[in-house]
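Q: only geometry, no sequence info:
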């Protein structure tokens, strides 16, 4: 019975992973699109949610991955990245992102994800 329960949670986890992937991709896409000769997107936290962060769909993120149009950045801690990550993605933990922005090219489409 435990195997059946474990198998039934895998699709749910995959859907959640896909949602978080899309969220990160959208954020980076719009940040880069709006950052060309414009000020950075102002973000605020309301009810535990970030506002002002653009999002892209999973389909758009997958297309960017397949065509290698985007740089994927895993913003989780190094241990989580070491456990599993998108092939070819960079590991820049969220707590270090601001200090390490020089590692990213402003002209690149950067898609972040956290799961």
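A: Perfect, thanks for sending it. The structure presented is a predicted model; accordingly, all values stated were derived computationally and were not measured. Numbers count the residues shown, from 1 in each chain.
Q: for this structure, just list every one of the helices.
A: Applying DSSP state H to the chain gives helices spanning 2-34, 58-66, 78-83.
Q: as CSV, those with mean pLDDT would be great.
A: Shown next, in CSV, are the helices of the chain (pLDDT from 0 to 100):
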stretch, mean pLDDT
helix 2-34, 73
helix 58-66, 89
helix 78-83, 94
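Q: of these, which is nearest residue 98?
A: Nearest of these to residue 98, taken as C-beta to C-beta: helix 2-34 at 13.1 Å. Quick note: C-beta positions are derived from backbone N, CA and C, even for glycine.
Q: summarise which helices and strands the closest one is packed against.
A: Under the contact criterion of 3 or more C-beta pairs under 8 Å, 6 or more residues apart in numbering; DSSP states H and E, helix 2-34 touches helix 58-66, strand 70-74, strand 109-113.
Q: need these in TSV with distance to residue 86 and mean neighbour count, can you?
A: Below are the helices and strands packed on helix 2-34 laid out as TSV (distance: least, C-beta to C-beta, whole Å; neighbours: other C-beta atoms under 10 Å):
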stretch	distance to residue 86	mean neighbour count
helix 58-66	7	16
strand 70-74	5	21
strand 109-113	7	23
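Q: a markdown table please, covering those and showing distance to residue 10.
A: What follows is the helices and strands packed on helix 2-34, written out as a markdown table (distance: least, C-beta to C-beta, whole Å):
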| stretch | distance to residue 10 |
| --- | --- |
| helix 58-66 | 17 |
| strand 70-74 | 21 |
| strand 109-113 | 19 |
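Q: among the ones you listed, which comes closest to residue 11?
A: helix 58-66 (14.6 Å).
Q: returning to that earlier point: take the helices of the chain and write them to a markdown table, including distance to residue 108.
A: Below are the helices of the chain laid out as a markdown table (distance: least, C-beta to C-beta, whole Å):
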| stretch | distance to residue 108 |
| --- | --- |
| helix 2-34 | 7 |
| helix 58-66 | 11 |
| helix 78-83 | 19 |
